[in-house]
Every structure is written in structure tokens, then in C-alpha cells.
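Trainee: No sequence on hand, only this structure:
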């Protein structure tokens, strides 16, 4: 049966397909296409030539790759270390370690970097104050620490999931065939985790080269492609160069996305034979103890950083004048700074539910309704996180600064810049939607795969049409997925920076870019106060959502596992 | 060549009490003593939670007993970690290494034991051939059917030539048809190699067809250790009689025991039946359905047919009698003479097949 026929016979399906296609087309494909067009224009080709030709620019490319590799290496090791401690060691405070390890997921993009500057910067509380060394954290080392600590939690969660799903009888089989602990680990456990480690490495690489927030705060002289693109657009008004710089980030990002989707995910399919039984054995001895010690140390650093954020928000000039003050909070909550707080929250509250619903709708179409077109839809929706934020932001500037006319009629009004509709907030909300939706799609797809199609068929055979089945049966069953999607959407909408920083106008301020401004001006106290308020709002909103759509009754019994974490890396942080 | 001098396993008063459980709760394994003869095929049989798997895992070394000893050919096994015990285990989930080919799966243990590396390829090929896996060495586990995966798991354990083979419900993930086939193959192979085998299952047909002796377990304790024929015809308890095969238990309030045989009067039939040594004054009479016969009668019947289940190879009748409901099974019935519900019948049982047990 052709799609057309199917669609014609079911109006609800047709409407949802049109809505989804319109959102993805306008919010994602059109802007990215504009970036491509600009990059391929004469000015763009010139800029591309200089990217390859000038030694400064070549240095930037090298910097970017080096940064990506070092973050990927450090982050993967950290993630594995924490996962190993959690799943294979019998030690105290494992739950505490777990909670500390996932704290960076909800922190705003600058919090970590700014705290590192206060602690280890030129006048760092620790580097200068405790050790008396004029250590300079700006550059590759600082960036690697900040990015690795920011991004490793999601890889950690993936690895924990994988390690818990490994059939313990595999270890036992190897043991019963004569292998000792180390041998079992090297010949069975590690090879089984290889796809997870590889995909974690690749994701960390892509995330770290696409990140904009940290290079702006911690980069110093160490320029990377994303910060170069930002400067080209906002400082030099050179859109063509900006387009080229950001596109060069998109190539590895999309490649990794494809690799992840068509190679690694496929390899994971056959990692389980039979049904798992028993429980994994724990490791002891000096190596295990070392792993534990390192994990505890890293956890302490994370705690230290978060403590710095909290205390910094209450001190006059963090690290210099440590007098207690409420001035920063006064500024953020009641002063000029409160605009950003209100704007950001309002836009997140509008964007997140839309992203959650639309994502789940796409998942439903993909899994249940459109077996052939579905994968394409899924692919396009997931591009929303695969495309680097700078590309999307620049694309929006190119596509929607002026109104789009077809035959003299305004089809899409201006969404970006001074003349934008509602002070540019519509454009920002669309970007937030595009960036948050993939998490909801993934959550929805994986939970729909858990629900046997015969449940839908039972509903249909009892007389329900498609939309009734979706509302009354499917939606309640995938509520946990919707919840997960919404949670990620909120966290992301509140903390996202790189696409939005190109779109803010004097009328719409967002907290992430305000934090950037405060850090730039050296007002760390204000920045920390913003971070605290931001985290509080995120956690409050997530709490409210959980209260509002809390599981009641039988839906709870049917535990739908949280979606695969790797695809959510991009969904959580820039 | 069968070598009946290795593989003598002795379990003495083995107890396993899990940590974090109520100390007054019944232990998972509550004092199991067993003498597994060299070359014997011994099955631990029982309902889930009876402690059979825990016992097996203690022998393998994956669980540490709370108390008791495990000896293999006189050597204390508890001092050895699982990888140093000369045993190999076949798992319920097969536990094939998904990242290794069939060949490498089978070669895994040989590669670890340096003394065996010399004839590795030859050993693996022989193992694969003996399990009908010739030509599949390059495949990966996910490319095999469930039955083939099971064979690889067996080959992987066999190739180690262990003193003891341990099986943890290895056939429970297979289709019913394959299961019977694998059952025969495991039995043949074990006979040929003469390796002591400790086999855990909850499937009584599996236990009956495979074992030299069966250990029936319940609630962490051994109910009976005996040959398949003994556990079927002379169960040590009502539990065993019930768990193995089908049986009707008729209460017999008064029994006169003479020369080890009990005189009972059931269905108006006076009979002398074999008797459990621990029988007191009253007991229960176990009659297997296939030793009960029912004959339609117009007058003075002892039962009424309450349900008829036709199975093709036989027919089951549930017959209501003065002693309770009795199950009768007629093999290869004449379909024209099947009894109908409500038919009055005379019930008779074969006293030589019945067994008198103490009330439990």
C-alpha cells in the first residue's frame, strides 16, 4: 500500500505527517541548506580556500582535532572507570559516586569552565592561593578537563547500561574454562564493551569539537573552529567564513552520526544470546583499588567545582574578595538580570512540551505507521542533534533574518534580528524545539519497540481508530518515554547556547548568553548566581513535570527502559 | 576412553545461606550430602527455588558455601577458585562469547591452558565433529540456530576433558523437538566419554531419560537419591511421587503391615502392596494412572467418569470414587469404545505397581 493511499484514508495521519514535515523542513533542513549555499557561494569558496591555505587557519583545524581527541580519550577513560566501579566493584559509597558523576548533566555549559577559572586560573584560589604557582588553565589542558568532565556522564550511563546487560554467565563460562580475573576481563568483558567504548569515544570527539561555550570561556589563545566561526559572525560580520568554519565541523559530526547509526548500533544487536542469569562477579586487588581511588578523586573535583559555583554566587569577587554578599542574586533575580531568567524559562516552557509531544509523535509514525518512510523521518529528526549548534545558529541567521517571500507573499516572517517576530523569540523556540526533539524521538522509539504491536491491534479490533488508539493506549504506555523526553528537553532548552547565541536580540535575552557576557566582563559572581538559578529552575521544572505526569496504576508496572544514552549526548549538552 | 578413576565428587553437609537475608529464613541449601560416583550421570531435580542450581554453582565455585565441604577425588575444592577447578560448565543461556567465532569459542579454554596449545586445532576439530558442527567453525554465535549454539556450548566444555561436567538447565531454552534430540546426544556422548556429570533440571522427563541416578530436591534439602526406576516406583515421599510422573494418592487410614508389605482395601479390592519402610499405622496409597483400569458396569460400580481427555496415544479419565478422584490412563485406546462422562465404572488397580507411603 502506498504512502499516499495510506495517508488519504487516514486524515489524522496526514495532518501529523504534514506538521512534522513542516517543522523539520523549516526549522532544520532549510537553514542547513542555506549554510551550504553560502559556503558554496564565491565568498564562501574564498573562505574555504583560506581555511586550507593560511597557516593560522590550519592551526585552528589542528587545534580542533587535538582537542577532540584529547577530550575523547580522557572522557572515555573516565566514563569507563566510573562504570567499572559501579558495576564490578564491591566498595562503599557507590551510589554517591553515581549521583556525583551525573551532576554535570544538568549544569549549564559555563558553570564548570568558569569554576575552573576561579580555582585554577591566573589568580586561581587553588593554583595561586594554595600552591602559589602561577598556573594558567586557559588553553588545551583546561578545555580538556572542562569538556571531559561535562560530557563523560552520558557515556558513563551508556557503559553502565551495557555492563549491566552483559550476561554474567559469559564471565562464568570463561572462568569455568580456566581463565583468571584479568584474563576474563581482557578476553571477554573488554571486547564486548568495545562497540560502546568506540561510540563513546566518537561522540565525545564530536561533542567537544562542536562545543562553543567552553572555548569562549577557557580557550584563551587556543582557538578552535567553533569559536572561530562565532567570532567571524559576531565580531567580523563575515557570514561566509562563519558558514565555512561551522560546516567543517558538520562533516565529522554527521560522519560519526552515520557510523553510530549504521555500524555500531548494528553490532550491538547480537551481543546477547539466550537470557542473562546470575549476577556479575566483583573484582578485588590493587588494580580495583586504584580504579576506585581515581574515581573518588574525580568525584571530589566535581564536588569542588560545584561547591565553587555555589559559594562563588554568594561572594563579592570569587577568589579575590570572599566577603559574603547577596548582590549577585539580587541582580539575577530582581535586577536587570531577571529579564533573561524570565525569557529563558518562558521559552523553555513553551518549547519543551512541544518537543516532547512532537518527538513522541514522530516515534509513533516511525515505528508503527510508516515502515518505509519512517527511517527517513527518523534520520532527519536525529540530524537535529547531529548538526553542530553553530551550523544551525548561522543557518537561522541566513535563512530567517529577512522575511521569506514566495510570489510577493510573506510565507515566513523574519525570525532573527532586530525586526524579528516577537523579538526573535519564535526563532529561538523553533531552534530549541529542533535541538530537544531528538531525545524524545529516541525515547519514544525505544519504548514503542517494547510494546507489542498486537496491543495496538487489540485496540483497533475493539473499534478504536488510529488517533484514539494513540491517545488512549499508546500514549499512556509510553508515558515514561515522554517523561524522559521532556526532562531532556527542559534541561537542554534552559542551558543551550551555541545555536541561540546567534539569535538573541535586545528584546529576548537568554541566561546562557548572559552568563557568557558576565564571564567575559569578569563578573564571575553574577555568572555563578545565574548558574545556581538556572540549575534550580531546571530541577524545579523537571520535578513539576514528574509530578504532573507521574505514573499511576499499571503503566508503572510496565517499565519502559530509558532510551539508549549515546543519542542523547547531544540532546543534553552542547 | 572412559576413565572411571577420576571424577568422584563428595559433598558433605553443604549449606548456603545468602547474606542480607533473614537469618531465621530457610537457607537456599540446607545441608546437602552427596556421593557422586566417578563417571556417573547424576541429576539434581526439583521445583524452582529448591536449591539445585545453588548446589551446582557451589560445586563450580561461583557460590561460596556457608558451611560444608566439596571434594573431588579427595582434593578439597573449596580452596580452589572456579578457574582452577577441573570442571567445565554448560550454561542455561549457553554463554557463548558473541565476539568470537565458533572455533575460537571452543578453543578458548585450550588457549588458556598452555599445555594444550600444541594440539589445539586438532582438538577443536574433533570436538566440533563430535557435536556435528563440522564446517561451522568460522561462523559467529548469532549466525547459528538455538540447537547449534547449544552444541557449541557443549563442545566448548567437552574439549577441556574436565573431570566433571556441570550442566545448568542447558536444554530449557530449546524447542521441545530439539530438546529430545539433544537429550539423546548428551546421554550418548557422556556414556562414550565417561565424564562425571552433574546436571540440574526441573524437567522430570529430562531427568528420567538422562540420569544414572536422580537427586530429588525440595526446599533446600534432598528428598531422595535413587535410580530413575526407583524414584518412579518407590518414591521416598509424597512430594517425590507427585513431582515425578502423575499419581493419585488415596488416603488409607488403617494398614496392616506384614513382612514389609501392607494390606489395604481399596475400591472393594483387597490387596497386598509394597510399603515404604517408614510407614506407621496409616498412610497413603500411590497409584499411577496407567496401572488403574476402568470397566463400564451397569451395577455396583465403584466410580463415575467425570472427565474424558483424549490425547491420541492414550485417554485420561478422571473417576470419582469413595476414596476421592482417581486418575486412570488407558494407552492406545480403541476410539469406538471411549467412555463417556457420567459412565458408571468398576475401578481396579494393579497392586504390584502401587506403593504405600507414610502421610507427609
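Mentor: Arrived safely, thanks for sending. Everything numeric in this text was worked out from a predicted model, so none of it was measured.
Trainee: Just the buried positions in stretch B:112-121, please.
Mentor: By 16 or more other CB atoms under 10 Å in any protein chain shown, the buried positions in stretch B:112-121 come out as B:112, B:116, B:120. Where you see a C-beta, it was placed from the backbone N, CA and C, and this is true even at glycine.
Trainee: er, stretch A:309-329 I mean
Mentor: Neighbour-count burial for stretch A:309-329 [16+ other CB under 10 Å]: A:309, A:311-315, A:317-319, A:325, A:328-329.
Trainee: how long is it end to end?
Mentor: Distance between the two ends of stretch A:309-329: 13 Å, counting by CA to CA, to the nearest Å.
Trainee: go on, stretch A:454-471?
Mentor: By CA to CA, one end of stretch A:454-471 lies 16 Å from the other end.
Trainee: what's the answer for stretch B:245-262, then?
Mentor: End-to-end distance for stretch B:245-262, by CA to CA: 23 Å.
Trainee: same question for that stretch, mean pLDDT?
Mentor: Averaging pLDDT along stretch B:245-262 yields 86.
Trainee: Show me what that stretch is in contact with.
Mentor: Counting by CB atoms under 8 Å, 6 or more residues apart in numbering or on different chains, stretch B:245-262 makes contact with B:204, B:232, B:238, B:241-242, B:263-264, B:266, B:272-275, B:277, B:279, B:281-289, B:292, B:323-327, B:329, B:356-357, B:359, all of which sit outside it.
Trainee: Can you say which of those residues are buried?
Mentor: Neighbour counting with 16+ other CB under 10 Å marks B:204, B:232, B:238, B:241, B:263-264, B:266, B:272-273, B:275, B:279, B:283-289, B:292, B:323, B:326-327, B:329, B:356-357 as buried within the contacts of stretch B:245-262.
Trainee: can you tell me which of these are in strands?
Mentor: The strands, defined by DSSP state E, take in B:263-264, B:266, B:272-273, B:275, B:283-287, B:292, B:326-327, B:329, B:356-357 from these.
Trainee: returning to what we had before: will you turn the buried residues of stretch B:112-121 into CSV that also has secondary structure?
Mentor: Converted to CSV, these look like this (DSSP: H, G, I helix; E, B strand; the rest coil):
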residue, secondary structure
B:112, helix
B:116, helix
B:120, helix
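Trainee: between those residues, which is nearest chain A?
Mentor: For the buried residues of stretch B:112-121, the residue nearest chain A by CB to the nearest CB is residue B:112; the value is 4.4 Å.
Trainee: Wait, the closest one touches residue A:183, no?
Mentor: Yes - between residue B:112 and residue A:183 a contact is recorded at 6.4 Å, counting by CB atoms under 8 Å.
Trainee: quick one: common contacting residues for those two?
Mentor: Common neighbours of residue B:112 and residue A:183 (CB under 8 Å, 6+ apart) do not exist.
Trainee: longest helix of chain A?
Mentor: For chain A, the helix with the greatest residue count under DSSP state H is helix A:55-88.
Trainee: Would you map the helices across the stretch 51-200 of chain B?
Mentor: Counting by DSSP state H, counting those that start in this stretch, one finds helices in the stretch 51-200 of chain B at the ranges B:52-60, B:102-112, B:120-130, B:146-158, B:176-193.
Trainee: For residue A:382, which of those is the nearest?
Mentor: Between residue A:382 and these, the shortest gap by CB to CB is with helix B:146-158, which sits at 33.9 Å.
Trainee: that older thread, can you narrow the buried ones among the contacts of stretch B:245-262 to ones near chain A?
Mentor: When CB under 8 Å from any CB of the partner chain is taken as the criterion, no member of these contacts chain A.
Trainee: From the buried residues of stretch B:112-121, list the ones also adjacent to chain A.
Mentor: When contact is defined as CB under 8 Å from any CB, the buried residues of stretch B:112-121 meet chain A at residue B:112.
Trainee: quick one: which of the buried residues of stretch B:112-121 is nearest residue A:145?
Mentor: The shortest approach to residue A:145 among the buried residues of stretch B:112-121 belongs to residue B:112, at 40.3 Å (CB to CB).
Trainee: Which residue, neighbours along the chain excluded, lies closest to the closest one?
Mentor: What sits nearest to residue B:112 in space, not counting adjacent residues and going by CB to CB, 6 or more residues apart in numbering or on different chains, is residue A:178, at 4.4 Å.
Trainee: who touches the residue nearest to residue B:37 when sequence neighbours are not counted in this structure?
Mentor: Spatial nearest neighbour of residue B:37, chain neighbours left out: residue B:8 (6.5 Å); criterion: CB to CB, 6+ apart. The contact partners of residue B:8, by CB under 8 Å, 6+ apart, come to B:35-38, B:72-74, B:196.
Trainee: before we move on, the earlier item: just give me the least confident of the buried residues of stretch B:112-121.
Mentor: In terms of pLDDT, the lowest of the buried residues of stretch B:112-121 is residue B:116, showing 79.
Trainee: residues in contact with the residue located most distally from the centre of chain A?
Mentor: In terms of distance from the mean C-alpha position of chain A, residue A:178 ranks first, at 43.3 Å (CA atoms, centre = their mean). If you count contacts by CB under 8 Å, 6+ apart, residue A:178 has them with B:83-84, B:109, B:112-113, B:160.
Trainee: Regarding it, what is its secondary structure?
Mentor: Applying three-state DSSP: residue A:178 is coil.
Trainee: tell me the phi and psi of the closest residue to residue A:499 other than its chain neighbours?
Mentor: Once flanking residues are discounted, residue A:499 sits nearest to residue A:393: 3.7 Å by CB to CB, 6+ apart. Per-residue torsions, residue A:393: phi -60, psi -50 (degrees, to the nearest 10).
Trainee: Likewise for residue B:48?
Mentor: The phi and psi values for residue B:48, taken as degrees, to the nearest 10, are phi -60, psi 140.
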